[in-house]
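K.L.:
The amino acid sequence is not available; the structure is as follows:
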């Protein structure tokens with residue numbers, strides 16, 4: 001379990017650094033770009049997201065699950081991934097002009113062309129990232145991805161500062177892709193890995209056919225409501241919805257993305273070694289909810305202050321959307337780890353079916369609601385996300401073998417901790433009104449929430465305490481080792 005803890009710590013460190021970088025970029029760009037400009041950028045990023053999601057049909061992630069990996073598998077992963085990327089890139093380049101005319105945004109064609117070049121560079125980094133994930137080398141991955149995120153943010157902000165409008169996002173994506181591709185190659189500089197080869201194409205396609213379909217469905221689900229909204233409503237409305245979603249996704253990025261980054265490799269290792277997969281999955285849900293639920297409720301309660309701090313005054317209309325989306329997201333907790341569980345067990349077909357049922361049902365709900373405006377679209381998530389939660393738990397229960405009672409017992413402690421963590425902020429919001437002091441309001445609510453959370457963790461004996469103690473031990477050893485090396489250098493210098 002110590003290896004899994006280290007993997008989670010490294011994946012979390014990467015996510016927190018990435019979150020900080022994206023938070024800074026989000027905050028600055030909200031003051032440099034208008035909602036209309038952001039809306040066009042969302043369209044420009046959503047189209048490639050859908051198109052290049054199709055290359056996951058030959059995803060290099062089959063390297064993570066394979067019992068043994070050698071040159072034939074790595075060469076196959078690179079070759080198939082690059083071929084499909086080239087095909088999709090060609091199609092997008094040909095269609096870029098028509099897409100720009102459809103959305104009545106002439107510069108959108110250039111945006112799509114730049115994103116296509118970035119996707120070609122990503123094709124170099126993806127197979128290497130899969131190998132690093134298999135080896136659970138999350139430290140190297142964290143450095144690569146953090147450097148890419150930082151480069152993307154710096155270039156995007158600089159471009160916006162110099163007046164490049166929504167094209168700033170495209171230039172940032174391109175530079176970030178260049179940095180990640182270069183660092184990924186430097187991490188595994190084996191030229192033979194990039195030689196053409198299709199020896200293991202059957203294994204790759206056997207894994208990718210369902211994995212690719214699953215990812216494609218997820219990407220379409222993410223993009224279609226926004227693409228539809230961008231066509232039937234002004235781009236400023238799309239910008240508001242996207243930024244409200246971005247604010248609500250902060251707890252998601254802090255917790256669930258880190259879980260997803262390490263869950264598949266860690267669960268796959270548990271399966272290969274014949275360990276208890278049911279207990280591991282329930283522990284993941286328990287650890288997620290004890291942080292995730294309190295954070296979302298605080299976001300919902302403090303929506304106005306958070307929007308004012310992160311986005312600024314021109315985005316105040318996003319606050320009601322943030323509140324609705326945050327409450328709906330309370331039901332999202334099992335959706336992210338359920339897919340890695342099924343993949344680790346080799347149940348790719350059920351992972352696909354689960355995603356198809358959940359995303360298609362939710363997409364119908366969202367698309368129908370988008371015709372009735374922004375608030376209706378946000379409210380529809382109160383139906384769409386619980387639907388996805390139920391389907392994810394149904395398939396996870398089928399293969400992990402836990403009962404509904406075991407799930408309830410695993411989540412009971414997190415529920416009690418959440419209640420204690422939100423009582424203080426709720427009392428503050430109901431009794432005190434500081435509309436002109438958003439920083440102070442959020443700080444006071446945060447202190448109350450943290451105090452209640454810590455007290456509840458100690459009183460209930462929540463199992464997260466074990467992880468906190470383990471993390472504290474790792475940090476203490478690291479600090480002690482650093483002090484030891486520093487003292488040794490000082491003694492050596494004094495002796496000289």
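P.N.:
Okay, I see it. None of the values given here were measured: they were computed from a predicted structure.
K.L.:
what residues are up against residue 116?
P.N.:
By Cβ atoms under 8 Å, 6 or more residues apart in numbering, the contact list for residue 116 reads 48, 89, 92-93, 96. Bear in mind the C-beta positions are built from the backbone N, C-alpha and C, glycine included.
K.L.:
Can you get me a residue count around residue 162?
P.N.:
Neighbourhood size, residue 162 [other Cβ atoms under 10 Å]: 9.
K.L.:
Where does the prediction get shaky in the protein?
P.N.:
Residue ranges of the chain with pLDDT under 70: 1-15, 58-73, 130, 133-139, 188-212, 254-276, 435, 467-468, 470-496.
K.L.:
what's the domain layout of it?
P.N.:
33-232, 234-482 (automatic domain parsing).
K.L.:
May I see the buried residues of stretch 112-131?
P.N.:
112, 114-131 (16 or more other Cβ atoms under 10 Å).
K.L.:
Okay, strands next: where are they in this structure?
P.N.:
In the chain, no strands are found when defined by DSSP state E.
K.L.:
what's the residue lying closest to residue 411 once chain neighbours are set aside in contact with, if anything?
P.N.:
Spatial nearest neighbour of residue 411, chain neighbours left out: residue 289 (5.8 Å); criterion: Cβ to Cβ, 6 or more residues apart in numbering. Each residue near residue 289 by Cβ under 8 Å, 6+ apart is listed here: 333, 411, 414-415, 418.
K.L.:
out of the contacts of residue 116, who's nearest residue 158?
P.N.:
In terms of Cβ to Cβ, no member of the contacts of residue 116 lies closer to residue 158 than residue 48, at 21.8 Å.
K.L.:
Contact partners for the closest one?
P.N.:
92, 112, 115-116, 119.
K.L.:
In those, find the pair that's most separated.
P.N.:
Across the contacts of residue 48, no pair lies farther apart than 112 and 119, at 10.3 Å, counting by Cβ to Cβ.
K.L.:
Quickly note the distance from the residue nearest to residue 411 to residue 431.
P.N.:
28 Å (Cβ to Cβ, to the nearest Å).
K.L.:
try residue 238
P.N.:
Residue 238 is 37 Å from residue 431, by Cβ to Cβ.
K.L.:
Between those two, which has more neighbouring residues?
P.N.:
Under the criterion of other Cβ under 10 Å, the comparison of residue 238 against residue 431 puts residue 238 first, with 29 against 7.
K.L.:
list the contacts for that one?
P.N.:
Shown in contact with residue 238 (Cβ under 8 Å, 6+ apart): 38-39, 42-43, 226, 229-230.
K.L.:
again with residue 364
P.N.:
Residue 364 makes no contacts at all, as judged by Cβ under 8 Å, 6+ apart.
K.L.:
One more: residue 173?
P.N.:
Contacts of residue 173 (Cβ under 8 Å, 6+ apart): 45, 114-115, 118, 152, 156.
K.L.:
and it, how far is that from residue 120?
P.N.:
12 Å.
K.L.:
And for residue 214?
P.N.:
Taken as Cβ to Cβ, the span from residue 214 to residue 120 is 23 Å.
K.L.:
now residue 53
P.N.:
15 Å.
K.L.:
same deal with residue 31?
P.N.:
Computed as Cβ to Cβ, the residue 31 to residue 120 distance reads 32 Å.
K.L.:
go on, residue 382?
P.N.:
Distance, residue 382 to residue 120, using Cβ to Cβ: 40 Å.
K.L.:
Equivalent analysis for residue 453, please.
P.N.:
Taking Cβ to Cβ, one finds residue 453 at 45 Å from residue 120.
K.L.:
pretty sure residue 220 is in contact with residue 362, am I right?
P.N.:
No. Taking contacts as Cβ atoms under 8 Å, residue 220 lies outside contact range of residue 362: 11.0 Å.
K.L.:
what's near enough to touch residue 169?
P.N.:
41, 44-45, 111, 156.
K.L.:
Show only the entries of those found in helices.
P.N.:
When DSSP state H is applied, those are split such that 41, 44-45, 111, 156 fall in helices.
K.L.:
quick one: which of these has the most company?
P.N.:
residue 44 (29 neighbours).
K.L.:
Make sure it is actually in contact with residue 113.
P.N.:
No. Contact status for residue 44 versus residue 113: not in contact, 10.3 Å apart, counting by Cβ under 8 Å.
K.L.:
roughly how far apart are the closest residue to residue 438 other than its chain neighbours and residue 249?
P.N.:
Spatial nearest neighbour of residue 438, excluding adjacent residues (Cβ to Cβ, 6+ apart): residue 305 at 3.8 Å. Per Cβ to Cβ, residue 305 is found 18 Å from residue 249.
K.L.:
Which one's more surrounded, those two?
P.N.:
residue 305 (21 against 17).
K.L.:
phi, psi of residue 233?
P.N.:
phi -130, psi 160 (degrees, to the nearest 10).
K.L.:
Now for it: which residues touch it?
P.N.:
By Cβ under 8 Å, 6+ apart, the neighbours of residue 233 are 370, 373-374.
K.L.:
what do you get for residue 237?
P.N.:
35, 39, 229, 373-374.
K.L.:
Where helices are concerned, which of those residues count?
P.N.:
Of the contacts of residue 237, the ones assigned to helices by DSSP H are 35, 39, 229, 374.
K.L.:
Tell me which two of those sit farthest apart.
P.N.:
Largest pairwise distance in the ones in helices among the contacts of residue 237, by Cβ to Cβ, is 12.5 Å, between 35 and 229.
K.L.:
Comparing those two, which residue is more hemmed in?
P.N.:
Using other Cβ under 10 Å, the more surrounded residue of residue 35 and residue 229 is residue 229, with 27 against 22.
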